[in-house]
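S.K.: I'll drop the sequence and a predicted model, then ask my questions.
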Amino acid sequence: MSSRPIDPVKPVSMELVFFYACPFCNNEMPVVSPLSPTMLNCDVCRQRFPIVPVDEHSVQFIKLMLQDGQAAIDTDYM
């Protein structure tokens, strides 16, 4: 094994996470950019509930503005 230090790795892409509160127990559930209506199973109470999808164009816009994560890098760190 090499004892050479490893350089920090930059992000290669990004995703947006949206949080949905379970209507039964208020547990906040993370969902990666849900683009179509679906049902979630709550991790805490195990109840199922429908969620409202997010707008695909809004997600694409944010990813474009941040160059799929490249523009979000902390330049002071690098």
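M.R.: Looks like it arrived, so ask away.
S.K.: tell me, how many residues neighbour residue 53?
M.R.: 13 (other Cβ atoms under 10 Å). Where you see a C-beta, it was placed from the backbone N, CA and C, and this is true even at glycine.
S.K.: any low-confidence regions in the chain?
M.R.: By pLDDT under 70, the low-scoring segments of the chain are 1-2, 78.
S.K.: okay, and the beta partners of the most centrally placed residue in it?
M.R.: For the chain, residue 17 is the residue whose C-alpha lies nearest the centre (Cα atoms, centre = their mean; 2.5 Å). Applying DSSP bridges to residue 17 gives these bridge partners: residue 32.
S.K.: quick one: it and residue 32 touch, right?
M.R.: Yes: the pair residue 17 / residue 32 is scored as a contact, 5.7 Å apart, by Cβ atoms under 8 Å.
S.K.: now residue 52: closest residue in space that isn't a chain neighbour?
M.R.: residue 37 (7.1 Å; Cβ to Cβ, 6 or more residues apart in numbering).
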